[in-house]
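Q: return a 3D structure for these sequence lines:
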Amino acid sequence: MSSGEDNIFLHCLIVPCGQLHALPRDQVVQVVTVGRSQAVGVLEATIQSRLGAPFNNIRLKIRQVYPSEAPMQPQDLISNFFNEEPRADYFHVVAQPLLGSE
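A: Residues are numbered from 1 along each chain as shown. So this is what the prediction gives:
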């Protein structure tokens with residue numbers, strides 16, 4: 001990332017279900033900084049690293065929920081979903097465990 005202007009702050013809601021059912025309450029809401037030009041897979045890795053063991057190896061399904069709803073695939077660029085700084089008083093993405101069939 002070349003400058004701070006390339007970064008975006010995303011408010012993430014982690015759904016504590018499935019393999020994340022024991023996720024501590026203070027881990028459910030995260031503010032994650034990622035580069036706009038990075039792939040959604042980087043967002044997933046950033047969230048996983050913040051969750052820590054034993055939750056940091058659980059694959060996540062991530063959906064954009066603001067300003068509109070859309071599934072986010074690991075290879076998609078963050079800029080495809082957020083071309084402006086999103087409002088700080090909303091959740092921007094929701095993450096939950098990826099089921100084996102997904």
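Q: all strands of the chain, in order?
A: 7-14, 29-35, 60-64, 70-72, 93-97 (DSSP state E).
Q: is it possible to export those to CSV including mean pLDDT, mean neighbour count and distance to E85?
A: Every C-beta, even on glycine, is put in place using the N, C-alpha and C of the backbone. Below are the strands of the chain laid out as CSV (pLDDT from 0 to 100; neighbours: other CB atoms under 10 Å; distance: least, CB to CB, whole Å):
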stretch, mean pLDDT, mean neighbour count, distance to E85
strand 7-14, 97, 19, 7
strand 29-35, 96, 16, 12
strand 60-64, 98, 21, 14
strand 70-72, 98, 15, 18
strand 93-97, 98, 21, 14
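Q: could you dump these into JSON lines with distance to I47 added?
A: Shown next, in JSON lines, are these (distance: least, CB to CB, whole Å):
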{"stretch": "strand 7-14", "distance to I47": "6"}
{"stretch": "strand 29-35", "distance to I47": "6"}
{"stretch": "strand 60-64", "distance to I47": "6"}
{"stretch": "strand 70-72", "distance to I47": "12"}
{"stretch": "strand 93-97", "distance to I47": "6"}
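Q: for those, which one sits closest to E84?
A: Checking the strands of the chain against E84 by CB to CB gives strand 7-14 as the closest, at 9.0 Å.
Q: what's the closest non-adjacent residue to Q75?
A: Nearest-residue entry for Q75: A39, 5.8 Å, with adjacent residues in sequence omitted and distances by CB to CB, 6 or more residues apart in numbering.
Q: how about P86?
A: Spatial nearest neighbour of P86, chain neighbours left out: H92 (4.9 Å); criterion: CB to CB, 6+ apart.
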